[in-house]
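S.K.: Turn this into a structure:
(chains A and B)
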Amino acid sequence: MKIIKINAIWCSACISMHKIWNEIEKLYSDIEIISYDFDLDEDEIKQFNVGDTLPVAIFYKNEVEVARLNGEKKIDDIVKIIEENK
Amino acid sequence: MKKILLIIITILLFIPMVCNANTNQNELIEVYLFYSSSCGHCKAAKEFLKEYQSEKQTIHINYYEVTRNKRNAKTFENVQEVLDHPSMNVPYIVIGGEIIIGYGENTDKEIVNVIEYYLDNDYINIPGKIIDGEITKDNISEYIKKENVISDNKANIPLLGEVDVKNISIPFLGIVMGLVDGFNPCAMWILIFLISMLINMKDRKRMWILGISFLLTSALVYALIMGAWLNIVVNFTQVRWIQIIIGLIALGGALFNFRSYYLERKKDAGCQVVDEKKRKKIISKIKKFTAEKSFILALLGIILLAASVNIVELACSAGLPVLYTNILALNHITGIASIFYIFIYILFFLLDDLIIFIIAAITFKVTGMTTKYTKFSHLIGAIIMLVIGILMIIKPEFVMFNF
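M.R.: I've put the predicted structure just below:
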């Protein structure tokens, strides 16, 4: 499984979720998590159709998008998606 | 933040109104009217007293204009000090040992009650004796008893004791409206980006100075705009049809906020990406200013940025600072008192920014404020505006805290 995260330096909600993502990384060390910055990695994130609410987390299983979370979420929301698509 | 709100709500719930009984008597009752020549309520109080005087012939009115006449202002200060009843508001009427502050629907009745009471009971011209120097802080207790106070807007608040409702209600309103306004995160992202850039510089001194300059300039811009607006409206808010217009504008603001809440209620909580061009421009400016080798140029850049950003932010606040300023005007709060009340609003408006900045400056880490409750700021803002708007139209004296 792979997760693409899109944050922004200026985004309060993204910073709020740092702790949660640190937890996820500890819980699922086998998952590849790639982080992009909304302003610095403009070219790379074009393909993801990010929308207008940050942060965004896109979940891939076998290179196919299986879920997407927009905005500030609880750790349980992320764990649920991971567990369902393991 | 939640704790602060809880404390405020608890204080509000525990405001029981206290109306006290009195004692005293005599023939010609001396009424002391401390007033401002530019205050509409003072004018109304003056007219009522004159009318009463010519009709009943039982009182003598002593006029003290306190905003233009320095000597009178000093007398006013002395009377308040000796009576131990400080207030920033006028009209301030003293009859015997009774004090009536402000002028609302029930004030005429209160004045008549006090005069009639003294006509039938023991009467001592306490303010007259204070002015003559006969009564001082040291011997006032021999002339006046605390329970003498007839009825003004006094409230008994747990821990704080007896306070003037107006003196507590306006700062309270400032705290609530400032907090709600502060939750509106229009400029929050700019502060967070600035902090991130400053952290990268790894220069704590530079971070403190530039960050504090950003916040101070934000406060100053807000204060100047609110102060200027207060000066414009202060002479008009006593006019009934202007009160109605202010009320209607507040109702318009309430509708706008309800709409914002309705549109956002199902959206995911998070940071909204808006106005790409403007954001990029601000980001490049912050990068430029924080990287600037000359400290003075960096400081000037940050100050200019904060000023321009906050003028835009004011529009984002959807009228809350303007409405608060109108309430100050309606209560005829000007001068130093108005600076104090505006300061309270701004302090609470900037509270979240201050917390984030101080934590970052101490720990060198950026703390994110959750965005989960942001949409509720629109709902609370809407409710405040709705209540104040309705009161302005049907019961403006309630907004003046004359119950």
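
S.K.: who in the stretch 301-403 of chain B is up against chain A?
M.R.: B:V366, B:T367, B:G368, B:M369, B:T370, B:T371, B:K372 (Cβ under 8 Å from any Cβ of the partner chain). In this view, the C-beta of every residue, glycine as well, is placed from N, C-alpha and C.

S.K.: same thing with chain B?
M.R.: Residues of chain B lying near chain A (Cβ under 8 Å from any Cβ): B:185, B:188-190, B:192-193, B:196, B:267-274, B:279-280, B:283, B:366-372.

S.K.: which residue is nearest the middle of chain A?
M.R.: A:A57 (2.5 Å; Cα atoms, centre = their mean).

S.K.: tell me the secondary structure for the residue lying closest to A:H18 once chain neighbours are set aside?
M.R.: Once flanking residues are discounted, A:H18 sits nearest to B:G368: 7.2 Å by Cβ to Cβ, 6 or more residues apart in numbering or on different chains. When classified by DSSP: H, G, I helix; E, B strand; the rest coil, B:G368 comes out as coil.

S.K.: Next one: B:S213 from B:G301, what distance?
M.R.: 10 Å (Cβ to Cβ, to the nearest Å).

S.K.: B:N125 too?
M.R.: 63 Å.

S.K.: quick one, which of those two is more surrounded?
M.R.: Using other Cβ atoms under 10 Å in any protein chain shown as the criterion, B:N125 and B:G301 rank with B:N125 on top: 24 against 19.

S.K.: shouldn't that one be in contact with B:L28?
M.R.: No - under the criterion of Cβ atoms under 8 Å, B:N125 makes no contact with B:L28, lying 9.4 Å away.

S.K.: Could you verify that B:R68 is part of a helix?
M.R.: No - note on B:R68: no helix contains this position according to three-state DSSP, which reports coil.

S.K.: mind checking pLDDT for the residue in the stretch 301-403 of chain B positioned nearest to chain A?
M.R.: Going by Cβ to the nearest Cβ, chain A is nearest to B:G368 of the stretch 301-403 of chain B, at 2.7 Å. What the model reports as pLDDT for B:G368 is 72.

S.K.: repeat for B:K277
M.R.: Value listed for B:K277 in the pLDDT field: 82.

S.K.: does the residue of chain A most remote from its centre sit in a helix or strand, and which one?
M.R.: In chain A, the residue that sits farthest from the middle, by Cα atoms, centre = their mean, is A:D43; the gap is 17.4 Å. Assigned by DSSP states H and E, A:D43 belongs to helix A:42-45.

S.K.: Kindly format the C-alpha coordinates of that helix as CSV.
M.R.: The C-alpha coordinates for helix A:42-45 follow below in CSV (Å, rounded to 0.1, in the frame of the first residue of the first chain):
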residue,chain,number,x,y,z
GLU,A,42,3.2,22.2,-7.8
ASP,A,43,4.2,20.1,-10.9
GLU,A,44,4.2,16.8,-9.0
ILE,A,45,0.7,17.2,-7.5
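
S.K.: Skip ahead from it and say which helix or strand is next.
M.R.: Taking DSSP H and E, what comes next after helix A:42-45 is strand A:53-54.

S.K.: who touches that next one?
M.R.: A:6-8, A:11, A:13-14, A:38, A:70-71, B:267-268, B:270-273 (Cβ atoms under 8 Å, 6 or more residues apart in numbering or on different chains).

S.K.: can you check stretch B:257-269 too?
M.R.: So stretch B:257-269 is in contact with A:13, A:53, A:70-73, B:318, B:370-372, B:374-376, B:378-379, B:381-382, B:385, going by Cβ under 8 Å, 6+ apart.

S.K.: Tell me the buried residues in it?
M.R.: Buried residues in stretch B:257-269, counted by 16 or more other Cβ atoms under 10 Å in any protein chain shown: B:N257, B:F258, B:S260, B:Y261, B:E264, B:D268, B:A269.

S.K.: Check the residues you listed for the minimum pLDDT and say which it is.
M.R.: For the buried residues of stretch B:257-269, the pLDDT minimum is B:D268, 74.

S.K.: Next, the contact list for the spatially closest residue to it that is not a sequence neighbour, please.
M.R.: Nearest residue to B:D268, sequence neighbours excluded (Cβ to Cβ, 6+ apart): A:G71, at 3.0 Å. Contact analysis of A:G71 by Cβ under 8 Å, 6+ apart lists A:A13, A:T53, A:L54, A:P55, B:K267, B:D268, B:A269, B:G270, B:T371.

S.K.: Looking at these, which two lie furthest apart in space?
M.R.: Pairwise distances across these (Cβ to Cβ) peak at 14.2 Å, for the pair A:P55 and B:K267.

S.K.: quick revisit: out of the contacts of strand A:53-54, which are inside strands?
M.R.: The members of those that map onto strands under DSSP state E are A:I6, A:N7, A:N70, B:C271, B:Q272.

S.K.: who's in contact with the last one?
M.R.: It refers to B:Q272. B:Q272 neighbours (Cβ under 8 Å, 6+ apart): A:D52, A:T53.

S.K.: before we move on, the earlier item: please check the contacts of stretch B:257-269 and keep the buried ones.
M.R.: Buried among the contacts of stretch B:257-269 by 16+ other Cβ under 10 Å: A:13, A:53, A:70-73, B:318, B:371-372, B:374-375, B:378-379, B:381-382, B:385.
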